[in-house]
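1. 3D model of this:
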Amino acid sequence: MRVRRAPGPAPGPGPGPGSGLGRACSSPLVLPGAAAAAPTSPRGWAEVLAAAAGALQAGGLVAVPTDTVYGVACLAQDSRAVRSIYGLKGRNGRKPLAICLGDVEHIYRYCHVNVPDELLRDLLPGPVTLVLKRSEELNKDLNPFTSLVGVRIPNHPFIRELARACSGPLALTSANISSQASTLTVSEFRDLWPQLSLVIDGGPVGDVQSPECRLGSTVVDLSVSGKYTIIRPGCALQSTVEILRQKYGLVPESS
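-> Coordinates of the predicted model:
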């Protein structure tokens with residue numbers, strides 16, 4: 001994963017997406033090192049991490065690589081930033097955003113968990129979104145129309161470190177306009193750059209020629225004890241269902 005600092009980003013167009021820093025991103029920040037999992041410059045990695053965390057804490061939107069597709073993140077507890085993500089996506093305000101955390105143990109602060117801790121750790125970190133009952137700690141302006149929330153812990157070192165560096169969870173959505181294809185490289189969502197505070201370029205996160213690589217995470221509702229519901233098949237359906245059914249004895253809610 002490589003990261004370049006945007007050379008002299010232009011002033012933002014006023015209040016709206018990307019205005020948390022008063023600047024818009026004109027080119028991506030590229031993480032040092034040939035691969036995201038093995039940065040060759042710890043100092044460079046730390047500087048990029050600090051820049052991204054600073055942008056989020058200032059209310060900005062940051063594009064980040066994940067273990068599935070590129071995403072856009074903001075602080076989930078920042079109501080204005082959450083509204084900015086919806087504006088960026090052109091998204092129906094009743095379509096929920098997931099939260100992203102750095103470690104499994106943080107889930108218990110923001111969700112009411114009714115499955116074994118071992119189950120969480122069998123699926124996370126990984127390309128799975130677990131839908132659980134939200135706790136009172138979570139920002140009431142985030143998905144106020146539902147008592148549930150999707151939780152992501154991507155198997156990607158940068159976004160996990162970024163989540164750890166921020167106070168509270170990240171709100172996370174795919175880096176594309178709603179109803180358009182998910183993106184695997186930063187160039188594929190270039191039209192969104194001016195509305196973002198930073199774009200973190202981790203290189204391609206999948207085979208751009210493969211439709212399967214654009215499926216995103218498998219979304220599974222675990223809010224009902226002993227049962228599961230697949231909300232989106234995603235890229236890890238078979239392995240997820242095998243773990244839920246064979247190891248933990250959960251059954252489909254419709255059964």
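
2. So the residue lying closest to L97 once chain neighbours are set aside versus W193, what's the distance?
-> Distances taken as CB to CB, 6 or more residues apart in numbering place A171 nearest to L97, at 4.6 Å, with adjacent residues excluded. Quick note: C-beta positions are derived from backbone N, CA and C, even for glycine. With the distance defined as CB to CB, to the nearest Å, A171 ends up 19 Å from W193.

3. From the neighbour counts alone, determine which of the two ranks first.
-> A171 (29 against 21; other CB atoms under 10 Å).

4. Is the more buried one in contact with G71, as I believe?
-> No: counting by CB atoms under 8 Å, A171 does not reach G71; the two are 9.9 Å apart.

5. For the stretch 1-150 of the chain, just list every one of the strands.
-> 29-30, 62-65, 70-75, 98-100, 111-112, 128-134, 148-152 (DSSP state E, counting those that start in this stretch).

6. between those strands, which gets nearest to V241?
-> Across the strands of the stretch 1-150 of the chain, V241 has its closest neighbour in strand 128-134 (10.8 Å, CB to CB).

7. Buried residues, the closest one. List them.
-> V128, T129, L130, V131, L132, R134 (16 or more other CB atoms under 10 Å).

8. got it, and stretch 237-255?
-> Neighbour counts over stretch 237-255 (16+ other CB under 10 Å) mark L237, T240, V241, I243, L244, L250 as buried.

9. before we move on, back to that, dump the residue contacts of the residue nearest to L97.
-> Contacts for A171 (CB atoms under 8 Å, 6 or more residues apart in numbering) come out as A73, C74, L75, A76, A81, V82, I85, L97, A98, I99, C100, L142.

10. quick check, nearest of these to R164?
-> Checking these against R164 with CB to CB, the nearest one is C100 at 10.7 Å.

11. one step back: any chance of JSON lines for the buried residues of strand 128-134, columns pLDDT?
-> Formatted as JSON lines, the buried residues of strand 128-134 follow (pLDDT from 0 to 100):
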{"residue": "V128", "pLDDT": "98"}
{"residue": "T129", "pLDDT": "98"}
{"residue": "L130", "pLDDT": "98"}
{"residue": "V131", "pLDDT": "98"}
{"residue": "L132", "pLDDT": "98"}
{"residue": "R134", "pLDDT": "98"}
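
12. Going by distance to A163, which of these wins?
-> A163 has its nearest neighbour among the buried residues of strand 128-134 in T129, at 14.4 Å by CB to CB.

13. need the contact list for that closest one.
-> By CB under 8 Å, 6+ apart, the contact set of T129 is A98, G150, V151, R152, S217, T218, V219, V220, R232, G234.

14. Name the spans of the stretch 1-150 of the chain whose pLDDT lies under the cut-off.
-> Where the stretch 1-150 of the chain drops to pLDDT under 70, the residues are 1-24, 26, 31-43, 91-93.

15. which stretches of it form helices?
-> 42-57, 79-89, 107-110, 117-123 (DSSP state H, counting those that start in this stretch).

16. could you dump those helices to CSV with distance to L184 and mean neighbour count?
-> Putting the helices of the stretch 1-150 of the chain into CSV (distance: least, CB to CB, whole Å; neighbours: other CB atoms under 10 Å) gives the following:
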stretch, distance to L184, mean neighbour count
helix 42-57, 20, 18
helix 79-89, 18, 19
helix 107-110, 27, 18
helix 117-123, 23, 16
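
17. follow-up on the earlier one: ok, and the most crowded of the contacts of A171?
-> Among those, the one with the most neighbours (other CB under 10 Å) is A73, at 31 neighbours.

18. Specify the beta-bridge partners of that one.
-> With DSSP bridges as the criterion, A73 is bridged to V62, L172.

19. my read: it touches V62, true?
-> Yes: with contact defined as CB under 8 Å, A73 reaches V62; the gap is 5.3 Å.
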